Each structure stands twice: as C-alpha cells, then as structure tokens.
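Q: Take this sequence and fold it.
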Amino acid sequence: MTAARVPADQTLKVRATVNKWISATFPESRKHISHTLTDMDANGVHRVELMLKRSGHVTSLGHVRVDATQVSLQLAMGTI
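A: Down below sits the predicted model:
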C-alpha cells in the first residue's frame, strides 16, 4: 500500500464516519476510544488507527479501513 496525503475535506468526512461506527459498535466504551487518521492508499482507502485510553494507559486496538468513495454516501444516508 502506498501512503498518500489525505485531502482536508475527506479527513472530516472519514472521521465523522468512524465516530458514528465507534459509537454504534462500542456504545459502553465510546468515551475511552479515540482514533487517528494515518494514511490513504492509491485506491482512496483510508486507514484509521483505534486506541483505548483508560486509567492513564493507551492500548492500540488495531485499525479500520474506510473507502473514500463510500464516505459521502454513508454520511448522507445516515448509515455506517
């Protein structure tokens, strides 16, 4: 995968999509989960790292991949 700079307008859309997914998937732990957008491959797929922050410790939970071509559609439809 070749990393590419994520355009600023896509950053907000991707982060909003991931926020909705985290809230829906982990409602009880949402306040402890954070994420950071790391890169985008040549096909427009974003890699977003997930972290659990609790009691002063940070644990990596892995990452999710978000297809940029689907982000606007997902936000418009209100689905994850």
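
Q: Skipping its backbone neighbours, what lies nearest V58 in space?
A: M51 (5.4 Å; CB to CB, 6 or more residues apart in numbering). Just so you know, the C-beta spots here come from the backbone N, C-alpha and C atoms, and that holds for glycine as well.

Q: Please identify the pairing partners of the helix or strand hosting the one you found and their relative orientation?
A: M51 is part of strand 45-54, with elements assigned from DSSP states H and E. Strand 45-54 sits in its sheet next to strand 33-40 (antiparallel), strand 57-67 (antiparallel), going by DSSP bridges.

Q: of all the ones you listed, which lies closest to F26?
A: Set against F26 and scored by CB to CB, these come closest in strand 33-40, at 5.9 Å.

Q: For the spatially most central residue of the chain, what is the enclosing helix or strand?
A: With distances taken as CA atoms, centre = their mean, the residue of the chain nearest its centroid is V18 (3.7 Å). Applying DSSP H and E as the criterion places V18 in helix 8-25.
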